[in-house]
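J.: here's a sequence, model it:
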Amino acid sequence: MASKKRKRKKKQIRKSGSFDYTMLFITAVLIGIGLVMIYSTSGYASEMKGGDSMAYFKKQASWVAVGFGLMIAAYNLPYHFWENRLVTVGIFGISLALILSLPVIGTTVKGATRWIRIGGFSFQPAELVKIGVILVTAWIVVKAQQGEIKKFTHWLLIIALTAGLPFFLVYTVSDNLSSAIIVAMIPLVMTFVAYRGKRLYLALSGVLVAAVAIIVKIASNAQATGGSFRTQRIVVWLNPEAYATGKGFQTIQSLYAIGSGGLFGKGLGKSLQKLGYIPESQNDMIFSVICEELGFFGASLIIILFGFLLWRIMVTSQEAPDVYGMYLAIGIFAQIATQVVLNIAVVTNLIPNTGISLPFISYGGTSVALLMAEMGVVLNISACADPGRQAMSRGR
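T.: Numbering: from 1, shown residues only. Here you go, the predicted model:
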């Protein structure tokens, strides 16, 4: 009887005809800024490589067009479509299978095998794993006593499946620590909302802080020329000036770009550091060029835009008609927030250098297309919220 009631309740969830226009507008603005900055940061390098200064811009624009189609499709699909067990387990399973297939069919770029190429099309399976983790965590949490994870064993099993297994596979198979961290953070944030035992998270945080402190202490006694690749990155992070002509070159140039931007920047397109000093500046380090060209004012504006976007996603989660919609929105919030914080922390040398893209802005077709699809899901959830509650939230 209970399952029948839940089914009837799901069927009654309909779009109100009005979604969160503010969220859509901010997303569009961030994507627009991303396209402009990709052209600005990649024009010189792209022309030197192939003679077409708009090559990166054109590729990213084509992926944005694909993402726009995915966003429309995701918006028009009832978000409970993703709750179907075959869909959820299928996407999660396929994403992990693609990670496992990387050593066999993957393409190696700059020593890392993280891409799968089919014809002229290439993508990173790790981006699909993020979506799979969001879907499977929301599905399991809702099934676990209707969103109330009351037992430690339930929590432990969920974390092992949704965070531990994907983290292990992404890190060990593709050697992609940054994506592995994001993949693990998503279910941790989602279950933090669902699990009543908050002391457990405090204890876990303490263990992680202690572990990081020990690793940094060990690495501080090493040299950038010895030890593992990741140990070298920690050594360089602790003292980048000592390795300014070697492994710390990118970090130092990024800090030069940030510092030289001043309050209002040098002007759009006038960055010096993008002229070969910051390698692949259109990727993970694009925020440093933003600081140089648009200054503190421009960089702050982008951070504020991300803050507003995350706030609207959180409001959508609070207004969701049911717990499944709430957890979907929280999962997408966790992914975007984690990437934004870690990317800016890397660029400003607050944490060791690791490849984390800035959502909607950094160059990367798979990332922007799938993020836009996720935003389509959030817009669908916002359209299903009670119109009266939506009106109240707009007045806040």
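J.: the stretch 101-250 of the chain: helices as residue ranges?
T.: 125-143, 152-159, 165-174, 177-194, 198-220, 229-238, 249-261 (DSSP state H, counting those that start in this stretch).
J.: what's the longest strand in this structure?
T.: strand 112-118 (DSSP state E).
J.: if you count neighbours, what's buried in that one?
T.: By neighbour count on 16 or more other Cβ atoms under 10 Å, the buried set for strand 112-118 is 113-116. Any C-beta I mention is one placed from the backbone N, CA and C, and that applies to glycine too.
J.: ok, how many other residues are close to residue 330?
T.: Neighbour count of residue 330, defined by other Cβ atoms under 10 Å: 27.
J.: that one reaches residue 193, doesn't it?
T.: Yes - assessed by Cβ atoms under 8 Å, residue 330 is found in contact with residue 193 at 5.7 Å.
J.: my read: residue 382 touches residue 21, true?
T.: No - checked against Cβ under 8 Å, the pair residue 382 and residue 21 is beyond contact range at 9.3 Å.
J.: thinking again about what came up before, out of the helices of the stretch 101-250 of the chain, which is closest to residue 370?
T.: helix 125-143 (5.2 Å; Cβ to Cβ).
J.: now the angle between strand 112-118 and that closest one, please.
T.: 90 degrees (axes from the mean of the first three to the mean of the last three Cα atoms, to 10 degrees).
J.: specify the local secondary structure of the closest residue to residue 256 other than its chain neighbours.
T.: Nearest non-adjacent residue to residue 256, counting by Cβ to Cβ, 6 or more residues apart in numbering: residue 273, 6.1 Å away. Taken by DSSP: H, G, I helix; E, B strand; the rest coil, the conformation at residue 273 corresponds to coil.
J.: if I look at residue 273, how far off is residue 41?
T.: 9 Å (Cβ to Cβ, to the nearest Å).
J.: now do the shared contacts for these two.
T.: 281, 289 (Cβ atoms under 8 Å, 6 or more residues apart in numbering).
J.: more neighbours, the two?
T.: residue 41 (30 against 24).
J.: quick check: the more buried one is in a strand.
T.: No - membership of residue 41 in a strand is not supported by three-state DSSP, which gives helix.
J.: pretty sure it sits against residue 274.
T.: Yes - Residue 41 is in contact with residue 274 according to Cβ under 8 Å; the separation is 4.9 Å.
J.: overlap in contacts, those two.
T.: 281, 289.
J.: the residue nearest to residue 256 and residue 40, how far apart?
T.: Residue 273 is 12 Å from residue 40, by Cβ to Cβ.
J.: common neighbours of these two, please.
T.: Joint contacts of residue 273 and residue 40 (Cβ under 8 Å, 6+ apart) are residue 289.
J.: OK, contacts around residue 124?
T.: 114-116, 179, 364, 366-367.
J.: mind redoing it with 7 Å?
T.: Taking Cβ atoms under 7 Å, 6 or more residues apart in numbering, we find residue 124 in contact with 114-115, 366.
J.: just give the nearest non-adjacent residue to it, would you?
T.: residue 366 (5.1 Å).
J.: quick check: closest non-adjacent residue to residue 201.
T.: Going by Cβ to Cβ, 6+ apart, residue 201 has residue 192 as its nearest residue, at 5.6 Å.
J.: on that earlier part again, pipe the helices of the stretch 101-250 of the chain into a markdown table and attach mean neighbour count per row.
T.: Converted to a markdown table, the helices of the stretch 101-250 of the chain look like this (neighbours: other Cβ atoms under 10 Å):
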| stretch | mean neighbour count |
| --- | --- |
| helix 125-143 | 25 |
| helix 152-159 | 16 |
| helix 165-174 | 20 |
| helix 177-194 | 22 |
| helix 198-220 | 12 |
| helix 229-238 | 19 |
| helix 249-261 | 20 |
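J.: number of nearby residues for residue 68?
T.: Here the number of neighbours of residue 68 (other Cβ under 10 Å) works out to 16.
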